[in-house]
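Trainee: Here is a sequence together with a model predicted from it:
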Amino acid sequence: MTFDVVVVGSGPSGAQAAKEAAEAGLDVAMLDVGFDDPDLAASIPRGSFAELRRTDPEQRRYFLGFEGETDADVNDRVGGHFTPPRSYIKRGVRELAPVSSDSFFPEMSLALGGLGAGWGSGAQVFEDFELERAGLPVEAMRECYDEVASDIGVSGSLEDDTAATSVPRCVQSPSAIDTNALAIMARYGRRRSAMHARNFLLGRAPLAMLTETMHRGTRWERGANPYEDMDFYGESARSIYRPKYTIEELRANPRFRYVGNALVERFEDGADGTIACYRDVRDGSEGSLSARRILLAANPINTARIALRSARAIGARQPLLCNPYHYVVTANLAMLGRPASDRRHSLAQLVGSLTPAHRGEEHVFAAFFSYRSLMHFRLVREMPLSPGAGLLLSRALMNALTIVGVHHPESPTDRKWVRLATDGIIEASYALGSDEEAAIAGDLHELRRVLMDLRCIPLSTIATPPGSSIHYAGTIPISRGDGDPALTTAPDGRLSGSPNVYVADSSGWRYLPAKGPTLTMMANARRVAKAAIATLR
Amino acid sequence: MRRFARRETDVRYAAEFEPIARGPLVAVLLILAAGLAGAVRAIFIFAIRLIRGRR
């Protein structure tokens, strides 16, 4: 059988591309490794984080993992979102999707839903200039944003100062913010003019998290977030969007076929279409599926691996984009020694947009998290104190502790690239130029001044290794016409040199704004899928 | 830290890990106390290293 469309990968882009094709009434297959571990998350009892911490004797199972006594399980640094119930997200990556580098350390996933299974759910839209710099058509993207936002459910405020720059149009009412974020917003409200003078805007985070129930038919339902503060561990009410929910919907469609355990290695163009060649990860056997169109959505590094292998472009350097990322640990003075409500969600509470003078129109984005749903021991191990003194400090600061994740915008340079080695391994190199480092230092300097003004006192600024932001793009960029790398995509997503293959993830983007890219990836996947489908008629 | 993590997830010791919210003054005093303990520890470690270095 020849499928109309074969989608490679089940992450946010793959799920939306497959949905677009399925809604068009086509025969669609999805090739995916699809590791999953529904049991641990499902076995977590209902209750708030604070309540479970006080009462559940079995909590070590999901807070530390089943093998909670090993050092490996307690070595995660502060802010790690890959909690034990989510450890399957990274399963098999080192062996099946190897990356060799001493300067770039990406997080990748072969799980059902890809990295979307652990998505922090920040659902921001790009502004017009950001879309244009990325090479994406503004009008088409705006339509696709609306489609995706209403499909997955996005909550946010269209009244906050950040609405015009980052909130999608179709939104549910904003989520309730926690005590800590309320205090920061109150301070921002009092200092609004001064904040605007510093080119800083603050608002509630737009999140792919439901605040109202969403039904489709009689069997598919997702509920509003119960504010149990367990969002890093379980899937309370399925309120936070995961790509597997879309795949679940698609599986009810008789014209959709999900092929799991399939690691796509390359494709081959034929007279009637293209063949996607994969390896079964259980026994190493080879398989293939024939398709009229293939949509690659395996994440920019693996999509590049598949495309480079298929083109036999060994050693050809392709660009690489990844937002530099810092986090600033702050103490919100307004919350020092004050009680905090346990009724809250664990995701970003607020987002701030800073537009420093040295960046021109570009923004730096800051997401504000409260630390309360994570363990003390991770925090204590970061402190230059004995465990006893560290715990005392941690307990005294816990309600005031605000972690500000800072993403910086990213443009391509010759110093950031990937290439395919002969053995199928992707080699990566990532180095910032001195001008980029100066811009980042300037971003952090200005942001720390803003944070001081918000009475969030910066205690420590932590630089993360390149690749930590989990925002990747640009490995098969949209063609500029001259100075292109070996592989490029056309503006509609079609891969150069291959008439039936389209790139449906962020591999084509020429620029990566500091905002969370996932909603844009999904909207772009819809746009590319529409273009591919149009050629079938 | 392994033992710390095990104790933190043991309900018998849950109260030892609750956030302390007894007003800003108590919070400041606790932070100063922790800072002082850290400084004493750092001096102690430095002194031991110095003594070992002389031997």
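Mentor: Thanks, I have the structure now. Residues are numbered from 1 along each chain as shown, chains lettered A, B, ... in the order given.
Trainee: So which residues on chain B come close to chain A?
Mentor: Near chain A, the residues belonging to chain B are B:1-2, B:4-6, B:8-11, B:14, B:16-28, B:30-31, B:33-35, B:37-38, B:41-42 when assessed by Cβ under 8 Å from any Cβ of the partner chain. In short, each C-beta sits where N, CA and C put it, glycine included.
Trainee: Of those residues, select the buried ones using a ChimeraX command.
Mentor: To isolate the buried ones among the residues of chain B next to chain A in ChimeraX, judged by 16 or more other Cβ atoms under 10 Å in any protein chain shown, type:
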select /B:4,5,6,8,9,14,17,19,20,21,27,30,31,34,37,38
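Trainee: dump the residue contacts of A:Gly405.
Mentor: Shown in contact with A:Gly405 (Cβ atoms under 8 Å, 6 or more residues apart in numbering or on different chains): A:Gly79, A:Tyr325, A:His326, A:Tyr327, A:Ala348, A:Ala366, A:Ala367, A:Phe369.
Trainee: Confirm it sits in a strand?
Mentor: Yes. According to DSSP: H, G, I helix; E, B strand; the rest coil, A:Gly405 belongs to a strand.
Trainee: Pretty sure A:Gln172 sits against A:Ser150.
Mentor: No. Using Cβ atoms under 8 Å, A:Gln172 makes no contact with A:Ser150, being 9.7 Å away.
Trainee: If you count surrounding residues, which of those two has more?
Mentor: Taking neighbours as other Cβ atoms under 10 Å in any protein chain shown, A:Gln172 and A:Ser150 compare with A:Gln172 leading, 19 against 15.
Trainee: could you list every residue that touches the residue lying closest to that one once chain neighbours are set aside?
Mentor: Closest residue to A:Gln172 apart from its sequence neighbours, by Cβ to Cβ, 6 or more residues apart in numbering or on different chains: A:Ser155 at 4.3 Å. Neighbouring residues of A:Ser155 by Cβ under 8 Å, 6+ apart: A:Val171, A:Gln172, A:Ser173, A:Pro174, A:Ser175, A:Pro206, A:Leu207, A:Met209, A:Leu210, A:Thr211.
Trainee: Mark which of the residues you listed are buried, thanks.
Mentor: If you count burial by 16+ other Cβ under 10 Å, the buried members of the contacts of A:Ser155 come out as A:Val171, A:Gln172, A:Pro174, A:Ser175, A:Pro206, A:Leu207, A:Met209, A:Leu210, A:Thr211.
Trainee: which non-adjacent residue is nearest A:Ala396?
Mentor: In space, and not counting its chain neighbours, A:Ala396 is closest to B:Leu30: 3.8 Å by Cβ to Cβ, 6+ apart.
Trainee: tell me how far the one helix or strand the one you found maps to is from the chain's mean position?
Mentor: Using DSSP states H and E, the element containing B:Leu30 is helix B:24-54. How far helix B:24-54 lies from its chain's middle: 9 Å, per Cα atoms, centre = their mean, to the nearest Å.
Trainee: helices or strands up against that helix?
Mentor: Under the contact definition 3 or more Cβ pairs under 8 Å, 6 or more residues apart in numbering or on different chains; DSSP states H and E, helix B:24-54 sits against helix A:387-397.
Trainee: in the helix it packs on, what counts as buried?
Mentor: By neighbour count with 16+ other Cβ under 10 Å, helix A:387-397 contains the buried residues A:Pro387, A:Ala389, A:Gly390, A:Leu391, A:Leu392, A:Leu393, A:Ser394, A:Arg395, A:Ala396, A:Leu397.
Trainee: what's next to it, contact-wise?
Mentor: So helix A:387-397 is in contact with A:331, A:336-337, A:376, A:379-381, A:383, A:385, B:1, B:4, B:16-20, B:26-27, B:30-31, B:33-35, B:37-38, B:41, going by Cβ under 8 Å, 6+ apart.
Trainee: excluding its backbone neighbours, what's nearest the closest residue to chain B within the stretch 401-537 of chain A?
Mentor: Here the stretch 401-537 of chain A gets closest to chain B at one residue, A:Leu401, 9.2 Å apart by Cβ to the nearest Cβ. Nearest residue to A:Leu401, sequence neighbours excluded (Cβ to Cβ, 6+ apart): A:Tyr371, at 4.2 Å.
Trainee: How many residues are close by that neighbour?
Mentor: By other Cβ under 10 Å, the residues close to A:Tyr371 number 23.
Trainee: Ok, A:Gly223 next?
Mentor: With other Cβ under 10 Å as criterion, A:Gly223 counts 14.
Trainee: Ignoring the adjacent residues along the chain, who's closest to the most centrally placed residue in chain B?
Mentor: Centroid-nearest residue in chain B, with Cα atoms, centre = their mean: B:Ala34, separated by 5.8 Å. Closest residue in space to B:Ala34, ignoring its immediate chain neighbours: A:Leu393 at 3.8 Å, by Cβ to Cβ, 6+ apart.
Trainee: Could you do A:Thr489 as well?
Mentor: Per Cβ to Cβ, 6+ apart, closest to A:Thr489 is A:Gly508, 4.3 Å.
Trainee: quick one: the one you found and A:Ser13 touch, right?
Mentor: No. At 10.9 Å, A:Gly508 and A:Ser13 do not qualify as touching, with contact defined as Cβ under 8 Å.
Trainee: What confidence value was assigned to A:Gly68?
Mentor: At A:Gly68, the model reports a pLDDT of 47.
Trainee: And A:Phe377, by the same measure?
Mentor: Predicted confidence (pLDDT) for A:Phe377: 87.
Trainee: OK, contacts around it?
Mentor: A:Val74, B:Met1, B:Phe4, B:Ala5, B:Glu8 are the contacts of A:Phe377 under Cβ under 8 Å, 6+ apart.
Trainee: Just name the shakiest helix or strand of the chain by mean pLDDT.
Mentor: Since you didn't name a chain, this refers to chain A. Scoring the helices and strands of chain A by mean pLDDT, DSSP states H and E places helix A:71-74 at the bottom, with a mean of 46.
Trainee: Which strand or helix spans the closest residue to A:Arg169 other than its chain neighbours?
Mentor: Closest residue to A:Arg169 apart from its sequence neighbours, by Cβ to Cβ, 6+ apart: A:Asp146 at 5.7 Å. Using DSSP H and E, A:Asp146 falls within helix A:138-152.
Trainee: Now that helix: buried residues?
Mentor: A:Ala140, A:Met141, A:Cys144, A:Tyr145, A:Glu147, A:Val148, A:Ala149, A:Asp151, A:Ile152.
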